[in-house]
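[1] What would the 3D arrangement of this be:
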Amino acid sequence: MVDAATHEKSARYTLAKTRLEQVEIIWDLLILLIVLASGLLPRWWEWHASQFGGTVWASAAFLIVIGTALALPGLPLDWWGQFRLEERFGFNTTTQRTWWLDRIKGLVLMWLIGWPLLALLLKWVDWAGGAWWIYAWGTMIVFQIVMMALAPTLILPLFNKFSPLPQGALRDRLLALGEKTGFSAREILVMDGSKRSRHSNALFTGFGRFRKIVLFDTLIDQLGVAELEAVLAHEIGHYKRKHIPKLMVVSMLSTFLAFAAVAWLAEQRWFYEAFGFNSPHLAIAFLLFAVASNAVTFWAGPLMNVWSRKYEYEADAYARDAVGSPEPLQHALRKLTRDNLSNLTPHPLYSWFYYSHPTLLEREAALLSPRTSS
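    I've put the predicted structure just below:
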């Protein structure tokens, strides 16, 4: 599938990324343990409350500030990954200015959107008493649905430029595929992914009348017309097999359980005392739950990945049937694997635990199997 030099380079890239991830995990854990064991959070909370009071706005601001502070130690490793590791393997195309602007924009959006949202969630205690978490959960679901509709128009353009796909054979072919499969979208857009990286992707954003097909410009450069049609058919397969609504339902249920857990922990004095806090407060419960929940959700990852891989197989089968042959998608997957230096031979246990997508060999075997059907 690839020559020896490319295979060797992909192995070096995989090892480099894995080592960086190991350093990031150890570093993040060290920072977290220092923050939790030093008593910094209780002292910071007491100072913040004495200076700004206990209003929902002040409490929400505390959560935003803590979240920002905990993210800051990871910036040097993020920077190194982009401008050293990705640069070394020929993927980085972003500039220092763009990289820093992305983080500043993200911080501004967190304050403009996250701060009022957190204040509203905290306010439900005053409005609904013990049932606050049910209303807070409903608020979060509505927020997520609204963001799905508005983000492609209002937020994503803050980071990338989206241009209509020019007239030509590719556009005609993709529109014909959409008509053939009953997948209508308002627009087919090209995103300037090359502004940041040579990695490539395709997706669709929004839903209903807000739905848009998005192709990275790097993807268009890497693949031929038939291969791009197969990639889009794969994305349409996710839509036609109702993978997105199913994932949304799981997300809603997970959010429901999370709010239920926060509501229960918020009433447990031992929970606060274990982290050095003297008095209970819902904002503290939110913070501690966010900090500690990864220890639980980490183990749910493999189950979600098994489910995700099942959906990828189904979308591949749909694409094969939609274009009438497995070859266009097979060739596309090979090119993307080669150009993105993906690991061709991960350990089976590692890929089972961590991979949300099947490996290339697994996808090809399923594509070429007559038993697999969309």
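
[2] What count of nearby residues applies to the closest residue to residue 282 other than its chain neighbours?
    By the measure of C-beta to C-beta, 6 or more residues apart in numbering, the closest residue to residue 282 outside its immediate chain neighbours is residue 266, 5.3 Å from it. In this view, the C-beta of every residue, glycine as well, is placed from N, C-alpha and C. Using other C-beta atoms under 10 Å, the number of residues around residue 266 comes to 21.

[3] pretty sure residue 266 is touching residue 277, no?
    No: counting by C-beta atoms under 8 Å, residue 266 sits too far from residue 277 to count as a contact (11.6 Å).

[4] So which elements touch the one helix or strand residue 352 maps to?
    Secondary-structure assignment from DSSP states H and E places residue 352 in helix 348-354. The contact analysis (3 or more C-beta pairs under 8 Å, 6 or more residues apart in numbering; DSSP states H and E) places helix 348-354 against helix 301-323.

[5] Give the buried residues for the helix it packs on.
    Buried positions in helix 301-323, judged by neighbour count with 16 or more other C-beta atoms under 10 Å: 305, 309, 311-323.

[6] circling back to that earlier point, same question for the very next helix or strand once past the helix holding residue 352, mean pLDDT?
    Using DSSP H and E, the helix or strand that follows helix 348-354 in sequence is helix 360-367. Across helix 360-367, the average pLDDT comes to 94.

[7] So which elements touch helix 360-367?
    Secondary-structure packing of helix 360-367 (3+ C-beta pairs under 8 Å, 6+ apart): helix 301-323, helix 327-339.

[8] which one of the ones you listed lies closest to residue 98?
    Evaluated with C-beta to C-beta, the helices and strands packed on helix 360-367 place helix 327-339 nearest to residue 98, the distance being 21.9 Å.

[9] got the angle between the closest one and helix 360-367?
    180 degrees (axes from the mean of the first three to the mean of the last three C-alpha atoms, to 10 degrees).

[10] Check which residues of helix 327-339 are buried.
    Across helix 327-339, burial judged by 16+ other C-beta under 10 Å covers 328, 329, 330, 332, 333, 334, 335, 336, 337, 338, 339.

[11] ok, back up a step: the residue nearest to residue 282: what's it in contact with?
    280, 282, 285 (C-beta atoms under 8 Å, 6 or more residues apart in numbering).

[12] what about burial for those, which qualify?
    282, 285.

[13] How far does the worst-scoring helix or strand of the chain on mean pLDDT sit from its chain's centre?
    Lowest on mean pLDDT, DSSP states H and E among the helices and strands of the chain sits strand 202-205, with a mean of 78. The chain centroid and the centroid of strand 202-205 are separated by 13 Å, computed with C-alpha atoms, centre = their mean, to the nearest Å.

[14] for whichever helix or strand residue 245 is part of, packing partners?
    Here residue 245, judged by DSSP H and E, is contained in helix 243-265. Applying 3+ C-beta pairs under 8 Å, 6+ apart, we find helix 243-265 packed against helix 132-154, helix 282-292, helix 301-323.

[15] First-to-last residue distance for stretch 65-79?
    21 Å (C-alpha to C-alpha, to the nearest Å).

[16] contacting residues for residue 62?
    44, 45, 48, 52, 283, 287.

[17] Select from those the one having the most neighbours.
    residue 283 leads the contacts of residue 62 on contacts (other C-beta under 10 Å) with 24 neighbours.

[18] Now that residue: closest residue in space, sequence neighbours ignored.
    residue 59 (3.8 Å).

[19] Who are the contact partners of the one you found?
    Contacts of residue 59 (C-beta under 8 Å, 6+ apart): 118, 119, 122, 281, 282, 283.

[20] Doesn't residue 163 belong to a strand?
    Yes: counting by DSSP: H, G, I helix; E, B strand; the rest coil, residue 163 is located in a strand.

[21] count of residues packed around the closest residue to it other than its chain neighbours?
    Excluding the flanking residues, the one nearest residue 163 by C-beta to C-beta, 6+ apart is residue 190, at 5.1 Å. When neighbours are defined as other C-beta under 10 Å, residue 190 has 19 of them.

[22] Compute the distance between residue 190 and residue 90, please.
    In this structure, residue 190 and residue 90 are separated by 22 Å, where distance is defined by C-beta to C-beta, to the nearest Å.

[23] Any idea how far the lengthiest helix in the chain is from the middle of the chain?
    Taking DSSP state H as the criterion, the chain has its longest helix at helix 4-37. Once both centres are worked out by C-alpha atoms, centre = their mean, helix 4-37 turns out to sit 18 Å from its chain's centre.

[24] List the buried residues in stretch 196-205.
    Neighbour counts over stretch 196-205 (16+ other C-beta under 10 Å) mark 196, 197, 198, 199, 200, 201, 202, 204, 205 as buried.

[25] Just the CA trace of that stretch, in CSV.
    C-alpha atoms of stretch 196-205 as CSV (Å, rounded to 0.1, in the frame of the first residue of the first chain):
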residue,chain,number,x,y,z
ARG,A,196,-3.2,25.3,9.8
SER,A,197,-2.2,21.8,8.6
ARG,A,198,-1.8,19.5,5.7
HIS,A,199,-4.0,16.9,7.4
SER,A,200,-7.4,16.6,5.6
ASN,A,201,-11.0,15.8,6.4
ALA,A,202,-14.6,16.1,5.2
LEU,A,203,-17.8,16.6,7.2
PHE,A,204,-21.2,18.1,7.2
THR,A,205,-22.3,20.7,9.8
